[in-house]
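Asks: Quick one: sequence and predicted model below, then my questions.
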Amino acid sequence: MAMSRTVTKWTIADYHRMITAGVLNDRQVELIDGDVVDMSPELPIHQATYRRSEKILAQALGDRAVIFTAAPITLPENSEPQPDICIAMPPESRYDQRHPTPTDIYWLIEVANSTRDYDLGPKAQLYAQHQIREYWVIDIPQQRLWLHRQPLSPGYQSVVHVNSGTVAPLAFPDVRLEVARWLN
């Protein structure tokens with residue numbers, strides 16, 4: 001008789017206990033739908049791109065938003081991904097005891113180099129499922145900025161890519177961001 005195997009699903013509380021106990025020290029992981037998933041290693045262009053993007057956002061938004069880089073967000077149903085950039089509601093002190101949740105988040109940004117298919121596929125579906133209003137992917141290999149808007153599970157109703165001109169985030173329609181600055 002064949003034996004079936006069951007994969008253990010972890011809760012956010014379990015995941016936090018593992019972090020506190022040091023089980024995940026020196027590991028780059030995130031919790032996705034109850035699975036502890038290894039994150040892809042980053043090349044220097046990846047880090048340079050999200051550092052540059054953080055500076056662009058800080059200049060454009062000032063105190064209107066809190067900008068997190070490579071930090072967890074908490075999604076219902078046992079997910080704690082670590083987007084490259086999270087633009088969240090102020091004040092920053094609201095996150096002293098918790099990570100941003102979908103109701104706190106203006107929009108998320110992922111920098112895609114080796115993770116392009118994952119960021120445009122499963123990651124976009126995860127964010128849409130949890131009603132993240134806007135999600136951008138900086139596509140390094142294709143030199144495009146993908147804009148995902150209007151979440152409707154299992155994806156976004158509006159997905160477009162641009163490589164020039166300006167874009168305005170939904171939360172700040174008065175802020176015009178030059179696309180070329182994100183791609184170079």
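Replies: Yep, that arrived.

Asks: Just the helices from this structure, written as ranges.
Replies: 12-21, 44-61, 116-120, 122-129, 179-183 (DSSP state H).

Asks: As a markdown table, those helices with mean pLDDT would be great.
Replies: Formatted as a markdown table, the helices of the chain follow (pLDDT from 0 to 100):
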| stretch | mean pLDDT |
| --- | --- |
| helix 12-21 | 93 |
| helix 44-61 | 94 |
| helix 116-120 | 94 |
| helix 122-129 | 96 |
| helix 179-183 | 91 |
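
Asks: Residue 103: which of those is closest?
Replies: helix 122-129 (13.7 Å; Cβ to Cβ). (Each C-beta comes from the backbone N, C-alpha and C, glycine too.)

Asks: Other residues contacting the closest one?
Replies: 32-33, 75, 79, 81, 108, 110, 115, 135, 137, 148, 151-156, 159 (Cβ atoms under 8 Å, 6 or more residues apart in numbering).

Asks: Next one, pLDDT for residue 163 please.
Replies: Residue 163 carries a pLDDT score of 95 in this model.

Asks: Are any of the contacts of helix 122-129 buried, and if so which?
Replies: Buried members of these, counted by 16 or more other Cβ atoms under 10 Å: 32, 75, 79, 81, 108, 110, 115, 135, 137, 148, 151, 156, 159.

Asks: Would you check how far apart the closest residue in space to residue 37 that isn't next to it in sequence and residue 160 are?
Replies: Leaving aside its chain neighbours, residue 37 sits nearest to residue 30 (5.7 Å; criterion: Cβ to Cβ, 6 or more residues apart in numbering). Distance of residue 30 to residue 160, computed by Cβ to Cβ, to the nearest Å: 27 Å.

Asks: More neighbours: these two, which one.
Replies: Counted by other Cβ atoms under 10 Å, residue 30 and residue 160 do not tie: residue 30 has more neighbours, with 17 against 12.

Asks: list the contacts for the more buried one?
Replies: Here residue 30 is in contact with 36, 37, 39, 72, 80, 81, 82 (criterion: Cβ under 8 Å, 6+ apart).

Asks: of all the buried ones among the contacts of helix 122-129, which comes closest to residue 65?
Replies: Of the buried ones among the contacts of helix 122-129, the one sitting nearest to residue 65 (Cβ to Cβ) turns out to be residue 108, at 12.2 Å.

Asks: Appreciated, that's everything.
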